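# Turn this into a structure:
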Amino acid sequence: MKYKKIKNHTYNLHIIKTKKFKTVTVQVCFKSLLDKEGITYRNLLINVLCQACSKYKTKRLMSIATEDLYELTYQASNYISGKYNVMCFDITFLNDEYTEEGNFESSLDFLCELLFNPLIEVTHSSTKFKKDNFALAYNLLEENIKTIKESPYYYSKMRLFEIMSPNSMHSYRSCGDIDTLKSITPAKLYEYYLNMLKKDILDIFVIGNVSEARIRSAISNRIKIRTIKKKSESHFISMKRTRLLPKTVIENQDISQSQLALGYKLDKTSDFERRYVLNVLTYILGGGSDSKLFKEVREKNSLCYSITSIGVPLQNAMIITSGISASNFKKAVALIKKNVKSMQQGSFSEEDIMKAKVTYINSIKELEDNPQNLLSMYTGIEYLKSDDIDGRIKKISKVTKKDITRLASKMHLDVIYMLKGAENED
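Residues are numbered from 1 along each chain as shown. Here you go, the predicted model:
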């Protein structure tokens, strides 16, 4: 596998040449500094662009086109990465070796039709996305936002960050919000789209067995964006510690099982601690069936149905989530606090550390087995300045017990949140 980054003033081209896959995967990423309204605009824009385009005016015509391209698949996503919002469009298709000469270029043409030739209507007063296509995309996003409460696990994590750091980037909902959605018109969204093409940082990733010269030529001939882009800032942001004692919030919802979430802020962590020590700490504390929380809270005391700890390095935080009965709230919180304190006191073994490292290393090695995982790795290298696989393995191996206890001592419980279910829950 060979990796090469080719810079120019308008976009960065990342070529990962490998013979491991029969397919080629192309990902086009638009990145902008995070703002609350923009999240909703970008989620809606993804829906609009993937519904139809000028050449393929219906979903059916798009499906026929993908069949003609030997079952090409496409998808889009919009996610928050620290202080940035990243919108990605992916296509995966068979290499020419298994289809016909020119399938690479034809597949790129399909992607570019979606991105750069949307279905619009022009009037004497404005240019806007076609009304019917916009309405379909609008309704889909509206439904997604309204049903967010149907996932207590996801909703409780979202509410936790809103309470930990209200009215900040940390509190923005990745799904968007209804009030912003209601304010968006087809003309406003089209204006946002044009502005995105001009201002967003653009990265293009290509994974597969295709020559560099061919990739460069094909991309250059199809990506016609010419605006010089600003350089990227660091994605990492930290929450300010504002409370000496944790805040407890309990909200009621008609669900069968209560969802508990504890939010910890981390003080003044180093890059090594955020990227590597936090992984080991999180795994030992609540990363699986061998973890302290699973054994103590679930197995020994039967206080929860599920429990896990999640490191959030981009925001310098850790959260612990658990499905519980509301009646076990106080006992569960007390036992979680006790286990965090035991980590701070170094009450874990070298065997625990080794298991965490082996699990991490195995998961890193598996990144090479799947194009989407490889994309995730290389976007991490580009956006977060992450190490490559060898670098990660070397650095995770250096994590010591002293490092883990030191980081654990920087954990400060900020919010205890429970989404409380029915009183008669079992």
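
# Make sure residue 196 is indeed in a helix.
Yes - remark: residue 196 belongs to a helix, assigned using DSSP: H, G, I helix; E, B strand; the rest coil.

# Can you tell me the closest non-neighbouring residue to it?
residue 30 (5.9 Å; CB to CB, 6 or more residues apart in numbering). Just so you know, the C-beta spots here come from the backbone N, C-alpha and C atoms, and that holds for glycine as well.

# and the one you found, that one's in a strand?
Yes - looking at residue 30 with three-state DSSP, it is inside a strand.

# Quickly list what residue 76 is bridged to.
With beta bridges defined as DSSP bridges, residue 76 has these partners: residue 89.

# so where do the helices sit in the stretch 301-426 of the chain?
329-344, 350-365, 371-384, 389-396, 401-408 (DSSP state H, counting those that start in this stretch).

# Nearest to residue 21, out of these?
helix 371-384 (5.8 Å; CB to CB).

# list the helices and strands the closest one packs on?
With contacts taken as 3 or more CB pairs under 8 Å, 6 or more residues apart in numbering; DSSP states H and E, helix 371-384 sits against strand 12-17, strand 23-33, strand 84-94, strand 201-208.

# Report pLDDT for residue 323.
If you check residue 323, the pLDDT there is 93.

# List the single closest residue to it in space, sequence neighbours excluded.
Going by CB to CB, 6+ apart, residue 323 has residue 305 as its nearest residue, at 4.1 Å.

# quick one, phi psi at the one you found?
phi -90, psi -30 (degrees, to the nearest 10).

# doesn't residue 256 make contact with it?
No - in this structure, residue 305 is not within contact of residue 256 by CB atoms under 8 Å, at 10.4 Å.

# If the residue nearest to residue 196 is in a bridge, with which residues?
residue 87, residue 202.

# how near is it to residue 177?
Taken as CB to CB, to the nearest Å, the spacing of residue 30 relative to residue 177 amounts to 21 Å.

# So for those two, which sits in the more crowded spot?
Neighbours per residue (other CB atoms under 10 Å) separate residue 30 from residue 177, with residue 30 holding more: 22 against 14.

# Settle this for me: that one is touching residue 198, isn't it.
No - counting by CB under 8 Å, residue 30 does not reach residue 198; the two are 10.8 Å apart.

# among the helices and strands packed on helix 371-384, which is nearest residue 381?
strand 12-17 (8.6 Å).

# who does that closest one touch, helix- and strand-wise?
Checking 3+ CB pairs under 8 Å, 6+ apart, strand 12-17 ends up next to strand 2-7, strand 201-208, helix 212-222, helix 371-384.

# right, so those: which one is the most enclosed?
strand 201-208 (a mean of 22; mean count of other CB atoms under 10 Å).

# Give the rounded mean pLDDT of that strand.
Here the average pLDDT along strand 201-208 is 96.

# elements contacting it?
strand 12-17, strand 23-33, helix 212-222, helix 371-384.

# distance of residue 80 from residue 172?
Applying CB to CB to residue 80 and residue 172 gives a distance of 7 Å.

# Common neighbours of the two, please.
Common neighbours of residue 80 and residue 172, using CB atoms under 8 Å, 6 or more residues apart in numbering, are 34, 39.

# Mind checking which of those two has more residues around it?
residue 172 (23 against 18).

# how about that one, what does it touch?
Per CB under 8 Å, 6+ apart, neighbours of residue 172: 34, 36, 39, 80.

# okay, now the first one: neighbour count?
Using other CB under 10 Å, the number of residues around residue 34 comes to 18.

# again, but for residue 187
17.

# Spatially nearest residue to it, not counting backbone neighbours?
Per CB to CB, 6+ apart, closest to residue 187 is residue 128, 3.9 Å.

# Give me the secondary structure label for the one you found.
strand.

# Touching, it and residue 121? I think so.
Yes - shown here, residue 128 and residue 121 form a contact pair, counting by CB under 8 Å, at 6.2 Å.

# Just want the phi and psi numbers for the most far-flung residue of the chain relative to its centre.
Most distant from the centre of the chain: residue 124, at 40.5 Å, with distances by CA atoms, centre = their mean. Torsion angles at residue 124 (phi, psi; degrees, to the nearest 10) stand at phi -70, psi -20.

# Just the pLDDT at the residue nearest to the spatial centre of the chain, thanks.
Nearest to the mean C-alpha position of the chain, by CA atoms, centre = their mean, lies residue 79 at 4.9 Å. At residue 79, the model reports a pLDDT of 95.

# how close does it sit to residue 351?
36 Å.

# Just to check, residue 27 is in contact with residue 88?
Yes - if you go by CB under 8 Å, residue 27 and residue 88 touch, sitting 5.5 Å apart.

# Could you give the backbone dihedrals for residue 167?
According to degrees, to the nearest 10, residue 167 has phi 60, psi 30.

# Check residue 178 too.
phi -60, psi -40.

# still on that earlier bit, show me which of residue 305 and residue 256 is the more surrounded one.
More crowded of residue 305 and residue 256, by other CB under 10 Å: residue 305, with 14 against 11.

# Could you report the pLDDT at the more buried one?
88.

# Contact partners for it?
257, 298, 322, 323, 324.

# dump the residue contacts of residue 345.
With CB under 8 Å, 6+ apart, residue 345 has these contacts: residue 405.

# let's go with 10 Å and repeat that
Neighbouring residues of residue 345 by CB atoms under 10 Å, 6 or more residues apart in numbering: 405, 408, 409.

# which one of these sits closest to residue 328?
Distances from residue 328 to the contacts of residue 345, taken by CB to CB, are shortest for residue 408, at 24.5 Å.

# I'd assumed residue 277 was in contact with the closest one.
Yes - counting by CB atoms under 10 Å, residue 408 touches residue 277, with 9.2 Å between them.

# Across the sheet, point out what pairs with the closest residue to residue 329 other than its chain neighbours.
Nearest non-adjacent residue to residue 329, counting by CB to CB, 6+ apart: residue 418, 5.8 Å away. Residue 418 has the following beta-bridge partners by DSSP bridges: residue 250, residue 260.

# Could you verify my assumption that residue 418 touches residue 304?
No - between residue 418 and residue 304 there is no contact under CB under 10 Å: 11.9 Å.

# Now the common contact residues for these two.
Going by CB under 10 Å, 6+ apart, residues that sit against residue 418 and also against residue 304 are 258, 260, 322, 324, 332.

# Excluding chain neighbours, what is closest to the fourth one?
Taking CB to CB, 6+ apart, and ignoring the residues beside it in sequence, residue 324 has residue 304 as its nearest neighbour in space, at 4.7 Å.
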